[in-house]
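Colleague: Mind folding the following:
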Amino acid sequence: MTNTASKKGRRRTLWMPLLVLITLAACASAGYSYWILQQKDNSEQVDPPPSPATPIFYALDTFTVNLGDADRVLYIGLTLRLQEEETRQRLSEFLPEVRSRLLLLLSRQDANMLATEDGKLKLIEAIKSTLAPPLVAGQNPQVVSDVLYTAFILR
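Modeller: A predicted model of the protein is given here:
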């Protein structure tokens, strides 16, 4: 009987240090994980994400244009989204030429095409390409990033 009792005692003495080691390893890995997470949180707080640039808008007066086909009239209001303030100043200085380019473009449009959403999207692309060439020779071209409709009536 003493043999079995001594074997049980040995097993208990082996299990105790093993359980202590496992507990210490678990605590160490939990502490390390917590420390890593705190380091990531601190680095995120130090580097805030860059704020998006403030959009630059240029609102144009509304246009009333006779369309090329039949007796249809287009009443349209436009606002241009620009990438830089310099472009807005240039458009403001040469506003008569800008309006002339747009009037010529709008008067060539087809009423049936403008009645569809696809036609309106194509008109946006046409406005961008019409305004892109430089207003004065030797200057940079205008970069219009978007054209927004503020009024659109087709009669």
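
Colleague: surely V147 meets I124?
Modeller: Yes. Contact criterion C-beta atoms under 8 Å: V147 and I124 qualify, at 4.5 Å. Just so you know, the C-beta spots here come from the backbone N, C-alpha and C atoms, and that holds for glycine as well.

Colleague: higher neighbour count, these two?
Modeller: When V147 and I124 are compared for neighbours, V147 comes out ahead with 19 against 15, by other C-beta atoms under 10 Å.

Colleague: ok, now how distant is that one from L67?
Modeller: According to C-beta to C-beta, to the nearest Å, V147 and L67 sit 18 Å apart.

Colleague: residues in contact with the spatially most central residue of the chain?
Modeller: Central residue of the chain (C-alpha atoms, centre = their mean): P52, 8.4 Å from the mean position. P52 makes contact with no residue, according to C-beta atoms under 8 Å, 6 or more residues apart in numbering.

Colleague: again with D61
Modeller: 77, 99.

Colleague: Next, it: secondary structure please.
Modeller: Three-state call for D61 (DSSP: H, G, I helix; E, B strand; the rest coil): coil.

Colleague: tell me the domain boundaries of the chain?
Modeller: 1-50, 56-154 (automatic domain parsing).

Colleague: which one of those domains has the most crowded surroundings?
Modeller: When the domains of the chain are scored by mean count of other C-beta atoms under 10 Å, the highest mean neighbour count falls to domain 56-154 (a mean of 14).

Colleague: Looking at L80 now. What's its pLDDT?
Modeller: L80 carries a pLDDT score of 96 in this model.

Colleague: For it, pull up the helix or strand it's in.
Modeller: According to DSSP states H and E, L80 maps onto strand 73-82.

Colleague: Residues touching the helix or strand following that strand, excluding its own?
Modeller: Where DSSP H and E defines the elements, the next helix or strand beyond strand 73-82 is helix 85-93. With contact meaning C-beta under 8 Å, 6+ apart, helix 85-93 is reached by 56, 58, 80, 82, 98, 131, 135, 139-140, 142-144.
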